[in-house]
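*Asks:* build me a model:
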Amino acid sequence: MAKAHINDAPDVRDTILAVGQRIMSGKGFSAVGLNEILTAAKVPKGSFYHYFASKDAFGEALLSTYFDAYLAEMDGTFARPGLTMAQRLVAYFDLWRANQSFLDCQGKCLAVKLAAEVADLSESMRAVLDDGTSAIVARLAAAVEGGVAEGSLVIDDSPAHVAQSLYQLWLGASLMVKIARTAGPFDTAMATTRRMLHLPG
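*Replies:* Numbering: from 1, shown residues only. This next block holds a predicted model:
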């Protein structure tokens, strides 16, 4: 059985993860077999087990990689020059809307797609989801606090509670968008977000 060469190890591992993220974002975790991923990635099964001890271990790495990229993009959005923090928060949720399309999310809706499914299947993957979503909420809280400090937004609760409420609001909207096959729930979520931050419509 073919084995990965040491010098191409990062490329092969990254390819498996990228292909797995794209496919599982569309079909879910349980519905996708390793053969489907490896065939699409053009990687032999021996190479898979060189990097991942099991499908669950692959799922953990998949989610960790997803959150690393997500948080880096989030940091970039909240560091955009020339904008108030309120404007950056609106830009973040505009990106959320664009990335969570019910038609084709191109792998960017992985956490929304897998959250309910893998949380019940695997404790280790649930823990990665918990860590990742907690990091998202912490960044949201810091952004809200920054907006309050600069005077670009006003809140009626603590930054931590507002951030948690915003994340849950948009997570729920993402699920409703998939059910309804319309972006209407995102319109509602944005209107609610503006009210929570006391922003003009």
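*Asks:* in the longest helix belonging to the chain, what's buried?
*Replies:* Longest helix in the chain, counting residues (DSSP state H): helix 123-150. By neighbour count on 16 or more other Cβ atoms under 10 Å, the buried set for helix 123-150 is 125, 128-129, 132-133, 136-137, 139-141, 143-148. Using the backbone N, CA and C atoms, a C-beta is placed for each residue, glycine as well.
*Asks:* quick one: distance of it to the chain centre.
*Replies:* Here helix 123-150 is found 12 Å from its chain centre; the criterion is Cα atoms, centre = their mean, to the nearest Å.
*Asks:* repeat that for stretch 183-194.
*Replies:* Here stretch 183-194 is found 18 Å from its chain centre; the criterion is Cα atoms, centre = their mean.
*Asks:* where does this protein dip in pLDDT?
*Replies:* Counting by pLDDT under 70, the chain shows low-confidence ranges at 1-10, 101-108.
*Asks:* so where do the helices sit in it?
*Replies:* With DSSP H, the ranges of helices along the chain come out as 9-27, 34-41, 45-51, 55-78, 85-99, 110-121, 123-150, 159-180, 184-196.
*Asks:* which residue is nearest the centroid of the protein?
*Replies:* A111 (4.7 Å; Cα atoms, centre = their mean).
*Asks:* who's in contact with that residue?
*Replies:* Residues in contact with A111, defined by Cβ atoms under 8 Å, 6 or more residues apart in numbering, are L63, Y66, F67, Y70, L129, G132, T133.
*Asks:* T15: which of these is nearest?
*Replies:* Nearest to T15 among these is Y66, at 15.2 Å by Cβ to Cβ.
*Asks:* go ahead and confirm that closest one touches L110.
*Replies:* Yes - applying Cβ atoms under 8 Å, one finds Y66 in contact with L110, separated by 4.7 Å.
*Asks:* need the overlap of contacts for the two.
*Replies:* With the criterion set as Cβ under 8 Å, 6+ apart, the overlap between the contacts of Y66 and L110 is Q21.
*Asks:* mind listing what the closest residue to A141 other than its chain neighbours touches?
*Replies:* For A141, ignoring the flanking residues on the chain, the nearest one in space by Cβ to Cβ, 6 or more residues apart in numbering is A163 at 3.7 Å. For A163, the contacting residues are V137, A138, L140, A141, A143, V144, by Cβ under 8 Å, 6+ apart.
*Asks:* can you tell me which of the buried residues of helix 123-150 is closest to A98?
*Replies:* Closest approach to A98 among the buried residues of helix 123-150 (Cβ to Cβ): I136, at 16.6 Å.
*Asks:* just give the nearest non-adjacent residue to the closest one, would you?
*Replies:* Y167 (6.2 Å).
*Asks:* that neighbour and T182: what is the separation?
*Replies:* Distance of Y167 to T182, given as Cβ to Cβ, to the nearest Å: 22 Å.
*Asks:* give me the more crowded residue out of those two.
*Replies:* Of the pair Y167 and T182, Y167 is the one with more neighbours under other Cβ atoms under 10 Å, namely 18 against 11.
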